[in-house]
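Student: Curious how this folds, go ahead:
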Amino acid sequence: MEAFFNSQSSSRSRWSYDTLKNFREISPVVQNHIKRVYFTLCCAVVAAAVGAFLHVLWNIGGFLTTVGSIGTMVWLLSTPPFEEQKRLSLLMASALFQGASIGPLIDLAIAIDPSLIFSAFVATSLAFGSFSAAALVARRREYIYLGGLLSSGLSILMWLHFASSIFGSSIALFKFELYFGLLVFVGYVIVDTQEIIEMAHFGDLDYVKHALTLFTDLAAIFVRILIIMLKNSGERNERKKKRRD
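Tutor: Here you go, the predicted structure:
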């Protein structure tokens, strides 16, 4: 990850109008593909919001919706690309189930401070937009090498979660998983964006699959940012109570 930040600082020092010309490295066909990917991603976010709203109304989120999200995702990936409408429907269904699965966290945020939901969404959008834009204006394949580091980071998170479920967790370990996981998925936004561009250059214009990849990153970032905000809000409320007492 140190290499990533060094690369970021050097890119900032090189920033000029010429940086924007990097879009010329992206052919018109690939540019149109990227537009379709982001439009589809926006539709998936709306579907997820509907799923979260349905959970607030009818308490449908939980284990079954999580299984439903994973199942429709696998179904989508196993469906041939020419069945476009079916794959789009499966993507929206997966996003809706994912939103319902996040529903219990949304309920908790509503109980503590409803404004945190909007703040977390804005923060997620800014983080996603900034890092995705950085990947778009960077030289082709400049950040793809980070994929191996991020995969290792994701593996570390999985093993830590597995170990904490067996041996128990601590506050320090929970904080590490939370912030390190946020860093990993923000990094994945950059890597996945450049991989999508690279695959599109080689003829892979499967915008539904690419939108699913970015939606997975976006959902993971939103959940972690919302948990961090909820945690910070709870700590502030505890400090206020101690001062009153």
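
Student: G62 - how many residues pack around it?
Tutor: 13 (other C-beta atoms under 10 Å). All C-beta atoms are positioned from the backbone trio N, CA, C, and that covers glycine.

Student: Was I right to think it contacts I102?
Tutor: No: the criterion here is C-beta atoms under 8 Å, and G62 misses it with I102 at 11.0 Å.

Student: what's the nearest residue to F185 if we skip its chain neighbours?
Tutor: A220 (4.3 Å; C-beta to C-beta, 6 or more residues apart in numbering).

Student: separation between that neighbour and V30?
Tutor: Taking C-beta to C-beta, to the nearest Å as the measure, A220 falls 26 Å from V30.

Student: What of A138?
Tutor: 15 Å.

Student: can you pull out the helices in this structure?
Tutor: Ranges of helices in the chain, per DSSP state H, are 2-13, 17-20, 28-58, 63-77, 84-112, 115-137, 146-167, 171-201, 207-244.

Student: tilt between the longest one and helix 146-167?
Tutor: With axes from the mean of the first three to the mean of the last three C-alpha atoms, to 10 degrees applied, the angle from helix 207-244 to helix 146-167 works out at 50 degrees.

Student: List the buried residues for helix 207-244?
Tutor: Within helix 207-244, the residues that qualify as buried are 207-230, 233, counting by 16 or more other C-beta atoms under 10 Å.

Student: ok so, going back, if you count what's nearby, which of A138 and V30 comes out ahead?
Tutor: A138 (20 against 17).

Student: just checking, that one touches Q194?
Tutor: Yes: using C-beta under 8 Å, A138 makes contact with Q194 at a distance of 7.2 Å.

Student: Can you tell me which helix or strand of the chain has the lowest average pLDDT?
Tutor: Ranked by mean pLDDT, DSSP states H and E, the weakest helix or strand in the chain is helix 2-13, scoring a mean of 42.

Student: Quick check: which ranges of this structure have low pLDDT?
Tutor: Flagging of the chain using pLDDT under 70 yields the residue ranges 1-25, 245.

Student: switch the cut-off to 90
Tutor: 1-27, 136-149, 158-175, 234-245 (pLDDT under 90).

Student: For I144, grab the count of nearby residues.
Tutor: 17.

Student: mind listing what it touches?
Tutor: V191, Q194, E195, E198 (C-beta atoms under 8 Å, 6 or more residues apart in numbering).

Student: Over to L214?
Tutor: Taking C-beta under 8 Å, 6+ apart as the test, what L214 contacts is V37, Y38, L41, S132, V189, D192, T193, I196.
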